[in-house]
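1. okay, sequence plus prediction incoming.
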Amino acid sequence: MGKHEKLLAKLKSRPKDFTFQELVTLLSGSGYVLNQSGSGSRVRFEHSSHSPVLMHKPHPSPVLKPYQIDQVLDVLKQEGLQ
């Protein structure tokens, strides 16, 4: 099992310690590109043929909140990427 598959399995388990950097790695492996245009913590992961993932970058802790994990899993499921 490769790094991408391990991160996806970890995300699916809805851990309390999934970091923003792990999300960047996971989505990059699925073809998404991080777009941090503008100021503030709003980020957008864009894909040429799939729906974007919009969220606020967690701070001060890099750990994603449970609703953010659910949001990412919903988008990945809708796009057939999980």
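-> Cool, got the structure.

2. which secondary structure element contains the residue sitting nearest the centre point of the chain?
-> In the chain, the centroid-proximal residue (C-alpha atoms, centre = their mean) is Leu23; its distance is 4.0 Å. Using DSSP states H and E, Leu23 maps to helix 20-29.

3. so how far is that helix off the chain centroid?
-> Distance, stretch centre to chain centre, for helix 20-29: 6 Å (C-alpha atoms, centre = their mean, to the nearest Å).

4. what packs against that helix?
-> helix 3-12, strand 33-35 (3 or more C-beta pairs under 8 Å, 6 or more residues apart in numbering; DSSP states H and E). C-beta: built from backbone N, CA, C; applies to glycine.

5. what's the closest of the ones you listed to Tyr67?
-> Within the helices and strands packed on helix 20-29, the stretch nearest Tyr67 is helix 3-12; the backing value is 13.6 Å (C-beta to C-beta).

6. so which bits of that closest one are buried?
-> For helix 3-12, the neighbour count (16 or more other C-beta atoms under 10 Å) marks 7-8, 11 as buried.

7. what sits up against the helix ranked longest in the chain?
-> Using DSSP state H, we find that the single longest helix of the chain is helix 66-78. Taking contacts as C-beta atoms under 8 Å, 6 or more residues apart in numbering, the residues outside helix 66-78 that touch it are 8, 11-12, 14-16, 18, 23, 27, 30, 50-51, 53, 55, 58, 64, 82.

8. and the residues you listed, which of them are buried?
-> Judged by 16+ other C-beta under 10 Å, buried ones among the contacts of helix 66-78: 8, 11, 18, 23, 27, 30, 50, 53, 55, 58, 64.

9. got a pLDDT number for the last one?
-> If you check Leu64, the pLDDT there is 97.

10. again, but for the fifth one
-> Note on Leu27: pLDDT of 94.

11. give me the distance between it and Ala9.
-> For Leu27, the distance to Ala9 (C-beta to C-beta, to the nearest Å) stands at 15 Å.
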